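> What follows is a predicted structure for the sequence shown.
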Amino acid sequence: IKAIAMDMWDPYIKAVKEHCPGCDIVFDQFHVVSSFGRVIDKVRNIEFRKANQRGKEVIKGSKYILLKNPENLFKEEKPKLKAILKLNKALSTVYILKDYLKRLWQYRYPKCAQRFLDFWCSLAFQSKIKPVIKFAKTLIRYAYGIINHCKFPIHTSRLEGINNKIKVIKRKAYGFHDVEYFSLIIKCTFNK
């Protein structure tokens, strides 16, 4: 095993280092951007509490609008996003940083990726937004696994898709009491 894709969870990292010494760890884009999505939500909650009545009306119900990619917004969501970004500097900043962060996985040379990561983190520190600064410090700590995507452009998306399918099977059945039967249903689903 040359490389393993995963999220930035210390028990996973410890297990890989223990059982696959010398293996490169690659932190998956989905998990890193998803972690930043939680930061966006924290900032949104902070800004909602600080906002006046008009600001609260604009920010209310914006959680998923801020997390979506611009091309995935519904027609009626676009004006709301525009109003949020115009009204609130902190939310505008985290929204821009989210899109910038995704660019990191486009780099193919480790030095270029490291320069971009350093640039992104400097923007995060300049924002003076505490949850964003904390996230940037996390990225610096785990930079090795983010930069490793240049050598090993792997990800966990297929595995995440399988996990989601299994969760749907489980939900449809309201839980299985027989593990063998549950395993059989999963095998049948993926052998089609």
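Received the coordinates, thanks. Numbers count the residues shown, from 1 in each chain.
> So what does residue 60 have for phi and psi?
phi -60, psi 130 (degrees, to the nearest 10).
> How many residues are close by the closest residue to it other than its chain neighbours?
In space, and not counting its chain neighbours, residue 60 is closest to residue 48: 7.1 Å by Cβ to Cβ, 6 or more residues apart in numbering. Just so you know, the C-beta spots here come from the backbone N, C-alpha and C atoms, and that holds for glycine as well. By other Cβ atoms under 10 Å, 17 other residues sit near residue 48.
> Give the helix, strand or coil label for residue 25.
For residue 25, the assignment made with DSSP: H, G, I helix; E, B strand; the rest coil gives strand.
> Identify the bridge partners of it.
residue 4 (DSSP bridges).
> Hmm, residue 59 and the residue nearest to residue 60 touching each other?
Yes: in this structure, residue 48 is within contact of residue 59 by Cβ atoms under 8 Å, at 4.8 Å.
> tell me the centre residue of this protein?
Geometric centre of the chain, nearest residue: residue 34, 1.7 Å, by Cα atoms, centre = their mean.
> mind listing what's buried in stretch 23-41?
24-29, 31-33, 35-37, 39-41 (16 or more other Cβ atoms under 10 Å).
> any weak-confidence spans in this protein?
Residue ranges of the chain with pLDDT under 70: 175-176, 192.
> Now residue 42: closest residue in space that isn't a chain neighbour?
residue 131 (4.4 Å).
> The one you found: how many residues sit nearby?
20.
> and it, that one's in a strand?
No: using three-state DSSP, the assignment for residue 131 is helix, not a strand.
> how about the residue lying closest to residue 77 once chain neighbours are set aside, phi and psi?
In this structure, residue 77 finds its nearest non-sequential neighbour in residue 65, 5.1 Å apart by Cβ to Cβ, 6+ apart. Here is the backbone geometry of residue 65 (degrees, to the nearest 10): phi -60, psi -40.
> tell me what the longest helix along the chain is packed against?
Ranked by residue count under DSSP state H, the longest helix found in the chain is helix 29-50. When contacts are defined as 3 or more Cβ pairs under 8 Å, 6 or more residues apart in numbering; DSSP states H and E, helix 29-50 sits against helix 53-59, helix 63-67, helix 89-103, helix 130-141.
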